[in-house]
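1. structure of the sequence below:
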Amino acid sequence: MSDASSHLSRAPLAVVTGATAGLGFETAKGLVEAGYRVILAARSPEKGEIACQSIRQHHADADVHFALLNLDSLSSVRAFAEALRREESSLDRLINNAGIMALPQRELTEDGIERQFGVNFLSHFLLTSLLMPLLEAADAPRVVQLSSLAHRSASIHFDDLDGGRHYGAWRAYRQSKLAMLLFAQALARRSDANGWNVLSVAAHPGLSRTALFDTGVKSRALMGKAFKLVMPLISQTAAAGARPTLHAALSDEAESGDYFGPDGFSETTGKPRRAHRSKAAQDRAVEDRLWDVACELTGAVWPTP
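-> Numbers count the residues shown, from 1 in each chain. This next block holds a predicted model:
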């Protein structure tokens with residue numbers, strides 16, 4: 001991250017989590033093309049350097065750098081945020097993209113949290129809270145949360161958030177992605193109420209062909225094999241899947257609390273437009289309770305009015 005801070009650029013700064021491959025990588029490329037300095041925040045320095053080199057091959061003057069961020073560890077989240085606050089004066093875009101999908105067996109983060117809930121949601125919740133001073137210092141900051149079509153069949157299981165009593169690979173994934181949409185909405189409301197001046201938006205990629213999906217189908221072998229055969233016919237590339245995220249991050253049409261996805265059949269492919277929210281995603285009581293629980297589990301502290 002020190003390389004990023006030493007570069008004397010006046011370009012706006014964006015952080016993309018999980019940006020060394022797939023949707024995150026394509027999002028980072030799009031932000032570079034839009035004139036942003038971009039930090040690829042991920043867990044593998046080797047993959048990070050390869051991703052940076054790949055972007056520079058297409059954009060020789062790209063101001064893009066890797067920074068270590070392991071979302072399996074809340075201490076890593078804190079270390080990343082502390083370093084960024086020390087080296088930067090403002091943050092214009094935070095793209096909470098990183099995620100894991102449908103782990104066949106229940107796994108825990110370093111902090112003892114079910115991994116999908118921890119990596120996909122809780123670590124991003126803490127990260128956003130820690131970066132609020134930088135976001136508030138920007139002229140027109142935005143935070144984009146990555147949700148999923150999977151949120152439509154999800155519930156927040158407050159009595160079993162970590163799947164300790166009943167773990168299901170897709171149940172846990174769906175819950176984490178509903179949590180991300182609820183987080184985006186809650187952040188939008190609190191930003192408006194408290195004068196934080198942060199535009200909070202959510203997006204989903206439809207059905208996109210990434211390595212993340214390959215991991216997810218392993219939890220249902222027979223269905224996964226069948227689905228992979230038809231996937232090319234009903235899905236889109238990672239670059240196309242990143243378009244709703246980039247629209248949320250860059251479009252002048254985006255308003256705080258918006259949710260974007262593809263405009264095609266069942267929102268699986270196509271150009272960005274405002275997306276459908278499930279009934280569960282519109283439950284304000286669940287949204288507020290999830291915020292309180294996330295603060296308790298992560299120790300996140302948010303700015304006071």
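2. contacts, neighbours, all on C-alpha from now
-> Fine.
3. name every strand pairing with the strand or helix carrying L40 and say which way it goes.
-> Secondary structure from DSSP states H and E places L40 in strand 37-42. Strand partners for strand 37-42, identified by DSSP bridges, are recorded as strand 13-17 (parallel), strand 64-68 (parallel).
4. any idea how far the first one is from the middle of the chain?
-> Meaning strand 13-17. Centroid separation for strand 13-17 versus its chain: 10 Å, with CA atoms, centre = their mean, to the nearest Å.
5. pLDDT on it, on average?
-> Per-region confidence: strand 13-17 scores 98 on mean pLDDT.
6. next one: the last one
-> The average of the pLDDT scores along strand 64-68 is 98.
7. what about that strand, distance to the chain center?
-> That offset, for strand 64-68, works out to 16 Å (CA atoms, centre = their mean).
8. what do you get for stretch 120-130?
-> Remark: stretch 120-130 is offset 9 Å from the chain centroid, using CA atoms, centre = their mean.
9. do stretch 112-122 as well
-> 13 Å.
10. kindly check the end-to-end length of that stretch for me.
-> 12 Å (CA to CA, to the nearest Å).
11. one more: stretch 27-39?
-> For stretch 27-39, the end-to-end distance is 11 Å (CA to CA).
12. what does stretch 77-95 give?
-> 14 Å.
13. pLDDT on it, on average?
-> The pLDDT scores in stretch 77-95 average 98.
14. neighbours around N194, how many?
-> 11 (other CA atoms under 10 Å).
15. oh, that last question was meant for G112, not what I typed.
-> Around G112 there are 12 residues (other CA under 10 Å).
16. quick one on the thing from earlier: report the buried residues of the strand holding L40.
-> R37, V38, I39, L40, A41, A42 (16 or more other CA atoms under 10 Å).
17. stretch 51-64 now?
-> For stretch 51-64, using 16+ other CA under 10 Å, the buried residues are A51, C52, Q53, I55, R56, A62, D63, V64.
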